[in-house]
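1. take this sequence and fold it.
(4 chains)
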Number of protein chains: 2
Amino acid sequence: MQTTTGNTRKPPTLADVAKLAGVSLATASKSLNGRQQVKAETRERVLSAAEQLNFSPNVLARHLLSGRSGTIGLVTHDLEGRFSIPTLMGAEDAAGTGKTSVLLCDARGDALREQYHVQALLGRRVDGLIVVGARPDPRPSLGQLPVPVVYAYAPSQDPADMSVVTDNVQGGRLVAEHLLACGRSRVAIVTGDAGYGAAHDRVDGATAVLAEAGVEVLGGPLYGAWTEEWGRTAAGLVVNRFADVDAIISGSDQIARGVLDTLREAGRRVPEDVAVTGHDNWEILALNARPQLTSIDMNLEELGRRAAALLFDAIEGDPHHGTEVIPSRLVPRGSTGPKPA
Amino acid sequence: MQTTTGNTRKPPTLADVAKLAGVSLATASKSLNGRQQVKAETRERVLSAAEQLNFSPNVLARHLLSGRSGTIGLVTHDLEGRFSIPTLMGAEDAAGTGKTSVLLCDARGDALREQYHVQALLGRRVDGLIVVGARPDPRPSLGQLPVPVVYAYAPSQDPADMSVVTDNVQGGRLVAEHLLACGRSRVAIVTGDAGYGAAHDRVDGATAVLAEAGVEVLGGPLYGAWTEEWGRTAAGLVVNRFADVDAIISGSDQIARGVLDTLREAGRRVPEDVAVTGHDNWEILALNARPQLTSIDMNLEELGRRAAALLFDAIEGDPHHGTEVIPSRLVPRGSTGPKPA
DNA sequence: TTGTAGGCGTTATCAC
DNA sequence: GTGATAACGCCTACAA
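-> Numbers count the residues shown, from 1 in each chain, chains lettered A, B, ... in the order given. As a prediction, the model looks like this:
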């Protein structure tokens, strides 16, 4: 580690390096940037001078010329939440590997705050913007901006925008296919708030597959809340009304946890008597469940990476349009399995 | 909303505004920055020109002069984790209100990646750095850097650095005081990995308070893992060995959830027979528990805000030193209450 | 009250 | 191979 004396001194500039190496600014620049038009020995001298001064080039100054800041803005609406974080990780992943950095803002679901942050980011001359929603329903477009925008998780209402979302319908299908493969035929669905498009999509995917197999959802899907409490309550309703239920599809892992609790207390064995599935693959819930929870992973990190990739394409001048859908995957665990004969 | 035509055109510059307003660069600058040396009417003209062009000043260019980038770097080691997010929110909160933005990097617990990110951030001329750890144990210092650094959640091993951490000892005390106030005297402790300093600190705080009241911890604290599974197992041990236990202090909310499950299945009523406390106040776990979980909130957002405040102080030339401790607070819920007579 | 000119740190384009 | 020099977009003395 270099012995940088003091905290306050301004960082060394290219001029300092050049002076120390006894060359001109131009030569110093070329040396450091690997240009070929400089003698090896000279380059050595510059490099060691830079090393000695602990020089790191001022990226901001570089931006003035290039017109690119090497920075993207990430506006999230759900920083404390479950869904934005993996998306954000994926985006940071895709961005960070190169030499673009991520400016993070939390708009907390407030359109005004969003507007404010977007303006601030534009002032910082970000090369592009990713907007991560809090829930998967379509949201208003930011409109025409001087830089490309990708909407992640929550798509833009404007089909001309770029959006990346999870495939909730397919997620629902995966669950149903899995349960059918397990030999289940008395299937109930317990899911969350009917105000969420995702709730319906997941139900639609599942019911479609079940219907093809001639299986009807017992009593129809039960909508409620995204809580364990509702899972417990709803599972009670199901068990009372359909004693021979052999599978319960839950709209989220939280709901599934509640379902599992009620089943255990009702003396139903999982998965022997009743198979249970969750959704989201929230490991803190899924892995700690008894038994561990079969769930749908929405591949949110992949979604984030994809969003970043689309954004970079657009920045490079190759914009896509419309909504891209990231498939989910089933993560089978102990809460499902073949139905005993 | 301005009708910005096209996606690709370069943003307008101050020169464009000046030209449109028919004034010089300097006058345009003064007008936009509220300098007094310009006629009201002229200012109007400039402002409306700026409006018309949808001009937003290039903050990066401004940095070249001021030497400040209006940006801080946030290096986290636990982006997917429970603890860094609220800290990050607090920091973003404190920063975002002003006009400094946050550059986010996830180092994922890897020192090399951390080093890399720090260099990248320094290249971007951040005004300061906040490093958020993944676990509360002391970590190696980054050493002398050209900008101030604050270590959040995980303190630096070097006392000359600035650190902000949670008060785990005090958290432990709060729990013990609460349980004593509830009239409990047969108290067990179930906590996580003994490799975590936080586990010991919380235990120490609790046992100290209990000892003062003449209460010993039944069988001594049980160390294990930060999982529900261990909570279930350990609670089983406790109940078998100490039938008259009337309180179980859990080292985390996850553990507490496991404890609650075992107690319910053992036929113990909570809180009547046994009071249970958690730690972390992870709402997804605490609020969904039966009954809802009394827990310790570490005030992580406050921690983040404080870290940012310390950083800003240091940036302004008023650096603090040493480790600042943020007190926790008890959040009482249904899992604790007075012991019935 | 307004305009001119220099400089912030870097890179690219030329001459040398 | 190397070195002046002109940008980039903005701000701030200073001059007019």
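2. give me the neighbour count for residue A:210.
-> By the criterion of other C-beta atoms under 10 Å in any protein chain shown, residue A:210 has 25 neighbours. Glycine gets a C-beta too; all of them are placed from N, C-alpha and C.
3. what kind of secondary structure is it in?
-> With DSSP: H, G, I helix; E, B strand; the rest coil as the basis, the three-state label of residue A:210 is helix.
4. and it, how far is that from DNA strand C?
-> Distance, residue A:210 to DNA strand C, using C-beta to the nearest atom of the strand, to the nearest Å: 60 Å.
5. what's the following helix or strand after the helix or strand hosting residue A:256?
-> Using DSSP states H and E, residue A:256 sits in helix A:253-265. Downstream of helix A:253-265, the next assigned helix or strand under DSSP H and E is strand A:275-277.
6. mean confidence for that next one?
-> Strand A:275-277 comes out with an average pLDDT of 98.
7. ditto for stretch A:71-91
-> 87.
8. count of neighbours near the closest residue to residue A:253 other than its chain neighbours?
-> Nearest non-adjacent residue to residue A:253, counting by C-beta to C-beta, 6 or more residues apart in numbering or on different chains: residue A:278, 3.8 Å away. By other C-beta under 10 Å, 29 other residues sit near residue A:278.
9. quick check: residue A:278 touching residue A:258?
-> No: here residue A:278 does not reach residue A:258: they are 10.4 Å apart, not a contact under C-beta atoms under 8 Å.
10. which residue packs closest to the residue in the stretch 51-200 of chain A that DNA strand D sits nearest to, ignoring adjacent ones?
-> Distance from DNA strand D to each residue of the stretch 51-200 of chain A (C-beta to the nearest atom of the strand) is smallest for residue A:64, at 3.0 Å. Nearest-residue entry for residue A:64: residue B:61, 6.1 Å, with adjacent residues in sequence omitted and distances by C-beta to C-beta, 6+ apart.
11. from DNA strand C, how far off is that neighbour?
-> Taken as C-beta to the nearest atom of the strand, the span from residue B:61 to DNA strand C is 7 Å.
12. which SSE is that residue in?
-> helix B:59-66.
13. now the closest residue to residue A:79 other than its chain neighbours, what are its backbone angles?
-> Of all residues not flanking residue A:79 in the chain, residue A:106 sits nearest, at 4.2 Å (C-beta to C-beta, 6+ apart). Main-chain dihedrals, residue A:106, degrees, to the nearest 10: phi -110, psi 120.
14. before we move on, what about residue A:202?
-> Residue torsions, per degrees, to the nearest 10, at residue A:202 are phi -60, psi -40.
15. before we move on, the earlier item: beta-bridge partners for the residue nearest to residue A:79, please?
-> Taking DSSP bridges as the rule, residue A:106 bridges to residue A:76.
16. now do the same contact list for it.
-> Residues near residue A:106 by C-beta atoms under 8 Å, 6 or more residues apart in numbering or on different chains: A:75-77, A:79, B:89, B:92-93, B:96.
17. returning to that earlier point: how near is the residue nearest to residue A:64 to residue A:306?
-> For residue B:61, the distance to residue A:306 (C-beta to C-beta, to the nearest Å) stands at 33 Å.
18. show me which of these two is the more surrounded one.
-> Shown here are residue B:61 and residue A:306; by other C-beta under 10 Å, residue A:306 has more neighbours (21 against 15).
19. hmm, residue A:162 and the more buried one touching each other?
-> No: between residue A:306 and residue A:162 there is no contact under C-beta under 8 Å: 10.3 Å.
20. mutual contacts of the two, please.
-> Joint contacts of residue A:306 and residue A:162 (C-beta under 8 Å, 6+ apart) are residue A:324.
21. rewinding a little: and the contacts of residue A:106, which of them are buried?
-> By neighbour count, with 16 or more other C-beta atoms under 10 Å in any protein chain shown, the contacts of residue A:106 hold A:75-77, A:79, B:89, B:92-93, B:96 as buried.
22. mind putting those into a markdown table with distance to DNA strand C?
-> A markdown table is the format used below for those (distance: C-beta to the nearest atom of the strand, whole Å):
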| residue | distance to DNA strand C |
| --- | --- |
| A:75 | 28 |
| A:76 | 31 |
| A:77 | 36 |
| A:79 | 33 |
| B:89 | 33 |
| B:92 | 27 |
| B:93 | 31 |
| B:96 | 26 |
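23. now, which of the residues you listed sits nearest residue B:216?
-> residue B:89 (39.9 Å; C-beta to C-beta).
24. helices or strands next to the helix or strand containing that closest one in the packing?
-> Element membership for residue B:89 (DSSP H and E) is helix B:84-97. If you count contacts as 3 or more C-beta pairs under 8 Å, 6 or more residues apart in numbering or on different chains; DSSP states H and E, helix B:84-97 packs onto strand A:101-106, strand B:71-76, strand B:101-106, strand B:128-132, helix B:300-315.
25. returning to what we had before: looking at the contacts of residue A:106, spot the one nearest residue B:297.
-> residue B:89 (14.0 Å).
26. show me the contacts for that closest one.
-> With C-beta under 8 Å, 6+ apart, residue B:89 has these contacts: A:79-80, A:106, B:301, B:304.
27. can you check residue A:162 too?
-> A:148-151, A:156, A:310-311, A:314, A:319-322, A:324.
28. filter the residues you listed to the buried ones?
-> For those, buried by 16+ other C-beta under 10 Å: A:148-151, A:156, A:310-311, A:314, A:319-320, A:324.
29. okay, now residue A:283: neighbour count?
-> 15.
30. would you list the phi and psi of it?
-> phi -60, psi -30.
31. again, but for residue A:162
-> Per degrees, to the nearest 10, the backbone of residue A:162 is at phi -90, psi 130.
32. and what of residue A:294?
-> phi -70, psi 130.
33. that one pairs with what?
-> Here residue A:294, judged by DSSP bridges, has bridge partners residue A:277.
34. give me the nearest residue to the most centrally placed residue in chain A, chain neighbours excluded.
-> The centroid of chain A falls nearest to residue A:87 when counting by C-alpha atoms, centre = their mean (1.8 Å). Leaving aside its sequence neighbours, residue A:87 sits nearest to residue A:304 (C-beta to C-beta, 6+ apart; 3.9 Å).
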